[in-house]
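1. Turn this into a model:
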Amino acid sequence: MKAKTFRTWIEYLHSKDRLAVVDKKVSLQYEAAAVAKKLDGVKAVYFSHVEDYPIPVVSGICSAREDFAEALETDLNGVIPRFTQAVSSPLPCKPVDRAEAPVKENIIREHIDLMKMLPIPVHHEKDSGNYITAGLFIVRDPVTRKQNVSIHRLQVSGKDKLGALLLPRHTHHLFKQAEETGRPLECAIVIGVDPVTLLASQASTPFGVDELEIAGALRGEPLEVVRCETVDIDVPAYAEIVLEGQILPHVREPEGPFGEFPKYYGPRSDKEVVQITAVTHRNHPMFYTIVPAGYEHLLLGGIPREASLFQTIRQTVPTVRAVHMSAGGTCRYHAVVSIKKRNEGEAKNAIFAAFANSFDIKHVVVVDEDVDIFNMEEVEWAIATRFQADRDLVVVHGAQGSKLDPSTDEGTGAKMGLDCTIPLQSEPMRYLRVRIPGFEKIELEDYVNSEAGVRSIHLEGKSR
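-> Coordinates of the predicted model:
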């Protein structure tokens, strides 16, 4: 596999000239993030010399949809079916001995000082400090023994402490259960895994599904894991770095502001605190960071949401063809849905199904299957020529939305759906798309002389 480990994927990107190597000394204070942002969607970046740290920093390893397709060894159309199949058929992990796990090559239990040990960046101007943005946050349900994997923003708030934003989802649920009994919740933060495992961590699943098992299904082989040193958590054996710790009960400390996916700041407030108990890492580890609100961040959230959205809409509109959470909508707020319409009203049903899938979804555009939903110019064309507001607009008032959307009233706002499908009984020529016969078969190199740019063109007559 190209993406068997973090390192094999970095080597693959380098072999394809899709990894920019920066040997110039760069600062963790904005500079590394700025360079990575400049290369966003173009190349991954490897910083070999970050301030005075011996550990290199890597970012942007999957900042295009094509990157994830390659990591999954499929094409763009195969990403969502592959992901959906993996979610429905998880593959149990394969435990390995500590001696076989590269992440155990170095084990530190004492004198932990995160900012002396790791090159953790400051990304945005108003961020409250140095943030770990690409750590898989793993906790275990003590009853079922199943693990849950997610990604949370983690602010360095002390030598061995992190402030964590835990949204009201599975990790938060397990923590509240522990906190009610006065117990901490054990956790592990895994930095530097292959992009397939990274993507699996963002799967929208029922409570009790282990995302590491979804990673195994995506890989087509069990993910190798190893038990932590100080907590009862299994982590990917080939990870670069693992931070072990506990979420402390009844302890809250200030965290934020922090630049989030909508390209605005999440506010400062009192959040949960993680006490680090050990650090393990490979020899010569690499530190991986995701620049918030970049394509890598958006796609990591968007692709798993697309898989969940497709499944939800298919229950209502079986002829749904594809869905797309667009980058302009932060891969959270805008959904474009393609259907093969058989009955009038199906597009509006698809709109309501999309709203029901996630409270984050704010605007939904439904189009016919001839529209390329990954080409926003095509989507805009469908809105321009197949939509009338007095007939095709759906508006829902006072619905729950994202609290990170500054246009809402503390998360409450309006939602809008646009039915851009062709009326079934319309006269055939009315919506017939223009086409040039033979266009698809034209190969430009058969017609355009490669020397045209350096050779003069001789025209008859005088030029004016």
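2. surely H334 meets V323?
-> No. Contact between H334 and V323 fails when scored by Cβ atoms under 8 Å: they sit 11.0 Å apart. Yep, even glycine has a C-beta here, placed from its N, CA and C like the rest.
3. Neighbour count for these two, which is higher?
-> V323 (27 against 21; other Cβ atoms under 10 Å).
4. From I61, how far out is that one?
-> 25 Å (Cβ to Cβ, to the nearest Å).
5. in what helix or strand does V365 lie?
-> strand 363-368 (DSSP states H and E).
6. what's across from L393 in the sheet?
-> According to DSSP bridges, the residues that bridge with L393 are L418.
7. got a list of what it touches?
-> 387, 416-419 (Cβ atoms under 8 Å, 6 or more residues apart in numbering).
8. Now flag whichever of these is closest to A203.
-> G417 (25.7 Å; Cβ to Cβ).
9. dump the residue contacts of the closest one.
-> 348, 351-352, 354-355, 363-366, 393-396.
10. repeat that with 6 Å
-> Taking Cβ atoms under 6 Å, 6 or more residues apart in numbering, we find G417 in contact with 351, 364, 394.
11. that older thread, P437: which of the contacts of L393 is nearest?
-> Ranked by distance to P437 (Cβ to Cβ), the contacts of L393 are led by F387 at 28.8 Å.
12. how many neighbours does the nearest residue to the closest one once chain neighbours are set aside have?
-> Leaving aside its chain neighbours, F387 sits nearest to C420 (4.6 Å; criterion: Cβ to Cβ, 6 or more residues apart in numbering). Residues near C420, counting by other Cβ under 10 Å, number 24.
13. hang on, C420 packs against A384?
-> No. In this structure, C420 is not within contact of A384 by Cβ atoms under 6 Å, at 9.0 Å.
14. What residues of the helix or strand containing F352 count as buried?
-> For F352, the host element (DSSP H and E) is helix 346-357. Neighbour-count burial for helix 346-357 flags 346-348, 350-355, 357 (criterion: 16 or more other Cβ atoms under 10 Å).
15. and if you look at stretch 279-293?
-> Per 16+ other Cβ under 10 Å, stretch 279-293 contains these buried residues: 279-282, 285-293.
16. Sort the residues you listed by pLDDT and name the bottom one.
-> Across those, the smallest pLDDT goes to A293, namely 92.
17. what are the ranges of the helices in the stretch 251-400 of the chain?
-> Using DSSP state H, counting those that start in this stretch, the helices found in the stretch 251-400 of the chain span residues 295-316, 346-357, 376-386, 389-392.
18. One more: the stretch 51-200 of the chain?
-> Per DSSP H, counting those that start in this stretch, the stretch 51-200 of the chain carries helices over the ranges 65-71, 79-88, 114-117, 170-180, 195-200.
19. With distance to Q275 as added columns, please give the ones you listed in CSV.
-> Shown next, in CSV, are the helices of the stretch 51-200 of the chain (distance: least, Cβ to Cβ, whole Å):
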stretch, distance to Q275
helix 65-71, 34
helix 79-88, 33
helix 114-117, 12
helix 170-180, 13
helix 195-200, 25
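20. For these, state which one has the densest average packing.
-> helix 195-200 (a mean of 26; mean count of other Cβ atoms under 10 Å).
21. Okay, buried residues for the helix or strand following it please.
-> Going down the chain from helix 195-200, the next helix or strand is helix 211-219, by DSSP H and E. Across helix 211-219, burial judged by 16+ other Cβ under 10 Å covers 211-219.
22. mean confidence score for helix 211-219?
-> The pLDDT scores in helix 211-219 average 97.
23. could you check the angle helix 295-316 makes with that helix?
-> Relative orientation of helix 211-219 versus helix 295-316 (axes from the mean of the first three to the mean of the last three Cα atoms, to 10 degrees): 90 degrees.
24. In terms of secondary structure, what does helix 211-219 contact?
-> helix 79-88, helix 195-200 (3 or more Cβ pairs under 6 Å, 6 or more residues apart in numbering; DSSP states H and E).
25. wait, which of those is closest to L114?
-> helix 195-200 (21.2 Å).
26. so where's the stretch 301-450 of the chain uncertain?
-> 450 (pLDDT under 70).
27. ok, residues contacting the biggest strand by length in the chain?
-> Counting by DSSP state E, the longest strand found in the chain is strand 241-255. Contacting residues not belonging to strand 241-255 are listed as 103, 155, 157, 163, 175, 179, 182, 184-192, 228, 230-231, 235, 268, 270-281, 285 [Cβ under 6 Å, 6+ apart].
28. V395 contacts M416, doesn't it?
-> Yes. Taking Cβ under 6 Å as the definition, V395 is a contact partner of M416 at 5.5 Å.
29. quick one, what contacts the one residue sitting closest to the centre of the chain?
-> Nearest to the mean C-alpha position of the chain, counting by Cα atoms, centre = their mean, stands L300 at 0.9 Å. Going by Cβ under 6 Å, 6+ apart, L300 touches Q202.
30. For it, give me the pLDDT.
-> Note for L300: predicted pLDDT of 94.
31. Distance-wise, check it relative to F261.
-> 10 Å.
32. coming back round to it: how about the helices of the stretch 251-400 of the chain in TSV, adding distance to V35?
-> Formatted as TSV, those follow (distance: least, Cβ to Cβ, whole Å):
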stretch	distance to V35
helix 295-316	14
helix 346-357	36
helix 376-386	27
helix 389-392	44
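33. do you know which of those lies nearest T197?
-> Per Cβ to Cβ, nearest to T197 of these: helix 295-316, 11.5 Å.
34. Could you check that closest one and say which residues are buried?
-> 295-314.
35. tell me the SS of I436?
-> coil (DSSP: H, G, I helix; E, B strand; the rest coil).
36. What is the burial count for it?
-> 7.
37. Kindly provide the distance from it to E306.
-> For I436, the distance to E306 - Cβ to Cβ - is 32 Å.
38. quick check: angle from the helix holding F352 to strand 363-368?
-> Using the same axes, to 10 degrees: helix 346-357 against strand 363-368 is 140 degrees.
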